[in-house]
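Colleague: The following comprises the amino acid sequence and a computationally predicted model.
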Amino acid sequence: MFLVLHNAHMVLEDQVLHGSVRIENGAIVHISDDPYLPADGATVEDLGADYLMPGLVELHTDQVEAHYQPRPKRFWDPIPAVIAHDAQMAASGMTTVLDAMRIGSGPGENRLAGNARTLVNAVVHAADSGLLRADHYVHLRCEVATADVVDVFDEVGGHQRVRMVSLMDHTPGQRQYANVEAFRTYMVGKHNMSNVQFEQHVAELHVLSSQYSVENRKLMAKRAAQRGIMIAAHDDATQAHVDESVEAGVMISEFPTTLEAARAARAAGQLIVMGAPNIVRGGSHSGNVSAGELLSLGLLDILSSDYVPASPIQAVFLLFGRGDITLPQGAALVSANPARAVGLDDRGVIAVGKRADVLRVHSYEGASSEQHPLGSPVPIVRGVWREGRRVA
């Protein structure tokens with residue numbers, strides 16, 4: 001396959017270059033500062049001076065679970081759910097996706113283990129069968145304060161597409177939910193709990209944590225290391241949490257909740273991931289440290305979509321529009337750095353020899369708003385190519 005993309009503002013690792021790129025057999029073979037590079041019989045597309053960016057590499061999206069369970073206690077066919085999720089991710093600019101799926105059943109979550117098995121198998125089957133636009137892998141979100149997390153990992157963790165695990169403990173009173181009232185708001189709002197039910201639920205979670213959290217964290221880290229799977233910590237809040245993560249072999253700090261934890265993670269050599277919605281909204285929905293503050297202090301390496309698929313590309317252009325970063329720096333946050341974090345060294349940048357995973361982005365100058373009185377650029381994803389093949 002021969003493809004030339006003309007008249008593009010190419011976001012390279014160290015500059016934005018107006019020119020053209022030639023793609024052959026799924027890889028980038030030539031980058032030129034000539035906007036109309038001779039095509040030599042190749043298929044040609046004029047990008048109209050839009051930006052050409054490396055395809056986004058997404059490490060933590062929970063959205064596949066939302067497609068599988070679109071309503072409480074209502075489940076969709078798993079393969080169509082994965083396909084619909086994939087289409088949404090590709091349209092948001094992602095060419096590589098690690099689908100984050102929780103394992104570990106808490107109180108009243110009797111179906112969770114079965115759901116995890118079903119979804120992991122569906123993602124693996126759809127990816128291996130060539131049904132998907134983006135390149136999909138699995139990220140297992142391991143809730144260590146549960147009785148069945150290790151058993152479920154032993155069932156599904158052997159898939160070759162399982163590329164990352166995160167060690168989580170959402171017991172209220174620490175980490176993400178150090179503010180128990182924030183957890184109450186979440187549970188009462190999302191799960192329609194009464195306050196009495198909430199208090200009972202919290203008590204059960206504390207019992208489970210005391211029984212399982214410490215030992216399961218060690219067991220999960222050992223299993224992941226044995227299988228060569230990248231290990232992430234989730235919601236570290238203190239120096240002690242980071243010390244615990246270092247002991248477990250953690251190389252990625254996902255969503256540290258405090259400045260103390262972020263600084264400790266950096267000192268330990270961990271890559272720091274924050275949610276792009278935190279940037280777009282201007283802060284954490286749980287009242288934790290803001291991603292913007294970490295970025296300003298040099299303590300942010302990767303942006304993840306978390307719960308809003310379109311947020312990484314939006315966050316990049318918002319930060320660029322404010323003058324906080326350059327576009328090459330933004331591309332590193334959502335493409336190069338996440339690819340490097342999980343050992344996908346063949347992608348994440350527009351460079352000769354790399355996979356031709358790229359996207360065309362038009363920057364629309366948005367109107368002013370209360371949050372952005374001077375307006376902000378709104379990125380419109382107009383085209384996505386994976387290994388040189390148009391997928392969106």
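Modeller: Perfect, I can see it now.

Colleague: quick one: contacts for the closest residue in space to Leu259 that isn't next to it in sequence?
Modeller: Excluding the flanking residues, the one nearest Leu259 by CB to CB, 6 or more residues apart in numbering is Val289, at 5.4 Å. C-beta coordinates here come from the backbone N, C-alpha and C atoms, glycine included. Applying CB atoms under 8 Å, 6 or more residues apart in numbering, we find Val289 in contact with 256-259, 262.

Colleague: ok, and the most crowded of those residues?
Modeller: With neighbours defined as other CB atoms under 10 Å, the most crowded of the contacts of Val289 is Pro256; it has 32 neighbours.

Colleague: Among the contacts of Val289, name the ones in helices.
Modeller: 259, 262 (DSSP state H).

Colleague: where exactly do the helices run in this protein?
Modeller: For the chain, applying DSSP H gives helices covering 63-68, 78-91, 112-128, 149-156, 180-191, 195-226, 239-247, 259-267, 276-281, 291-296, 311-322, 327-331, 337-341.

Colleague: for those helices, which one sits closest to Ala134?
Modeller: helix 78-91 (5.0 Å; CB to CB).

Colleague: Residues in contact with that closest one: which ones?
Modeller: 58, 61, 63-64, 66-68, 97, 99, 118-119, 121-123, 125-126, 131-134, 136, 309, 381, 384, 386, 391-392.

Colleague: of the residues you listed, buried ones?
Modeller: Among the contacts of helix 78-91, the ones that count as buried by 16 or more other CB atoms under 10 Å are 58, 61, 63-64, 67-68, 97, 99, 118-119, 121-123, 126, 132-134, 136, 309, 381, 384, 386, 391-392.

Colleague: follow-up on the earlier one: can you tell me how far the residue nearest to Leu259 is from Ala265?
Modeller: According to CB to CB, to the nearest Å, Val289 and Ala265 sit 12 Å apart.

Colleague: which neighbours do the two share?
Modeller: Pro256.

Colleague: Give me the neighbour count for Phe282.
Modeller: Let me fix one detail, which is that residue 282 is Gly and not Phe. Look at Gly282: counted by other CB under 10 Å, it has 13 neighbours.

Colleague: typed the wrong thing, it's Glu143
Modeller: 27.

Colleague: Make sure it is actually in contact with Val165.
Modeller: No - counting by CB atoms under 8 Å, Glu143 does not reach Val165; the two are 11.2 Å apart.

Colleague: quick revisit: looking at the contacts of Val289, spot the one nearest Gln239.
Modeller: Lowest distance from Gln239 to those (CB to CB) belongs to Thr258, with 9.8 Å.

Colleague: wait, isn't that closest one in contact with Asp235?
Modeller: No - counting by CB under 8 Å, Thr258 sits too far from Asp235 to count as a contact (9.8 Å).
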